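S.K.: sequence first, predicted model second:
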Amino acid sequence: MQRPFIAVPLGDPAGIGPEIVLKAVADPDILATARVVVVGDKKVLEKAKTYPGSPQLEIHVINEPEDGDYSEGKLNLIDLDNVDMDNFTLGKVNGMCGKAAYQFIEKAIQLANDKKVAAVSTTPVNKESFQAGGVNFIGHTEIFAALTGTHDPLTLFEVHGMRVFFLSRHVSLRQACDLVTKERLIDYVQRCTEALKKLGVQEGKMAIAGLNPHSGEHGLFGDEEVNHVFPAIEELQKQGYNVVGPIGADSVFAQCLQGRYNSVLSLYHDQGHIATKTLDFERTISITAGMPILRTSVDHGTAFDIAGKGIASAVSMIEAIRLGVKYAPAFNA
């Protein structure tokens with residue numbers, strides 16, 4: 001099978017993105033399974049090559065993915081040449097870097113929208129740099145939604161085969177509880193099921209995590225399960241969806257890891273984040289589902305404090321590309 005093209009935008013130039021991209025492209029497993037198309041700035045990558053321990057890859061500037069030389073020792077770059085190195089400082093919030101990072105993402109999405117790459121695997125960006133650079137998006141998910149015409153994309157985490165969806169993302173815990181409604185649960189299970197099918201996951205059942213301790217013990221402490229979760233599951237089962245729950249959050253993730261479920265719907269942000277990242281922080285990969293293109297991502301930040309020191313781990317970047325390769329055939333079939 002031919003190695004798929006995977007677009008990798010460089011991320012915030014002042015963070016660890018350039019360093020982990022170099023390390024990921026040089027990884028033998030990635031070389032053997034993917035043709036990585038980096039979207040970034042050549043000057044930034046040349047600087048990153050000077051960091052301690054950075055692979056000394058030859059940077060090959062290309063215009064289209066098909067132009068690349070995807071052999072050992074090469075990094076194929078679509079060079080946007082949008083960073084002024086005279087105004088560049090490692091590890092600092094910088095509007096120029098925020099704007100450049102957005103433009104890297106924009107180009108990578110364009111490649112995916114045009115079917116020139118099979119997936120986009122993203123590196124970390126900095127929200128403050130975005131704001132300083134006049135980028136009117138909070139982060140990656142909102143950019144991908146806008147540039148692919150997607151309403152309310154789904155967030156899916158995968159780690160060691162365990163998949164976790166999220167009913168809500170960046171809202172307060174109080175708001176997250178208010179979002180646990182029968183209607184929202186039905187909508188999410190329906191869309192999560194379709195997203196799994198798009199990734200080639202056809203078998204198995206989805207579990208819905210409980211919101212309250214022990215799923216509320218039939219209303220003894222919290223009535224969200226009684227009033228919303230149970231009725232939603234009953235309706236979904238009538239519609240033919242293979243979904244169960246609510247399962248107490250203190251056990252549902254362990255059960256999923258053991259293979260009892262194909263996925264878990266976490267009812268708020270931290271519930272699922274803690275479960276996945278405690279299991280393996282570096283290998284917890286975010287997949288933005290429910291879009292016309294496939295996006296995987298590292299789930300860590302720009303790490304300004306260690307940028308340029310040569311100590312940033314590329315494990316998460318490698319895993320993000322690996323998952324792009326894993327799901328690309330089914331997604332693009």
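M.R.: Noted; the coordinates are in hand. Residues are numbered from 1 along each chain as shown.

S.K.: by mean pLDDT, point me to the weakest helix or strand of this protein.
M.R.: Scoring the helices and strands of the chain by mean pLDDT, DSSP states H and E places helix 224 at the bottom, with a mean of 85.

S.K.: chain center to the lengthiest helix in the chain: distance?
M.R.: Secondary structure assigned by DSSP state H gives helix 95-113 as the longest helix of the chain. Taking C-alpha atoms, centre = their mean, to the nearest Å, one finds helix 95-113 lying 16 Å from the centre of the chain it belongs to.

S.K.: tell me which helix or strand comes right after that helix.
M.R.: strand 119-122 (DSSP states H and E).

S.K.: on contacts alone, who are the packing partners of that next one?
M.R.: Contacts defined by 3 or more C-beta pairs under 8 Å, 6 or more residues apart in numbering; DSSP states H and E place strand 119-122 against strand 5-9, helix 95-113, strand 295-297, helix 315-331. Yep, even glycine has a C-beta here, placed from its N, CA and C like the rest.

S.K.: backbone dihedrals for the residue nearest to Gly210 when sequence neighbours are not counted, both of them.
M.R.: Nearest residue to Gly210, sequence neighbours excluded (C-beta to C-beta, 6 or more residues apart in numbering): Pro246, at 3.9 Å. Taking degrees, to the nearest 10, you get phi -70, psi 140 for the backbone angles of Pro246.

S.K.: wait, Pro246 touches Pro213, no?
M.R.: No. Checked against C-beta atoms under 8 Å, the pair Pro246 and Pro213 is beyond contact range at 11.4 Å.

S.K.: so for the two, which sits in the more crowded spot?
M.R.: Taking neighbours as other C-beta atoms under 10 Å, Pro246 and Pro213 compare with Pro246 leading, 27 against 13.

S.K.: just the pLDDT at that one, thanks.
M.R.: Reading off the confidence values, Pro246 has pLDDT 95.

S.K.: and the helices and strands packed on strand 119-122, which is most packed in?
M.R.: Per residue and on average, the most neighbours among the helices and strands packed on strand 119-122 fall to strand 5-9, with a mean of 28 (mean count of other C-beta atoms under 10 Å).

S.K.: and the next helix or strand past that one?
M.R.: Next along the chain from strand 5-9, counting by DSSP H and E, comes helix 17-26.

S.K.: from the chain's centroid, how far away is whatever helix or strand comes next after that following helix?
M.R.: With elements assigned by DSSP H and E, the helix or strand that comes after helix 17-26 is helix 28-33. With C-alpha atoms, centre = their mean as the basis, helix 28-33 stands 20 Å off its chain's centre.
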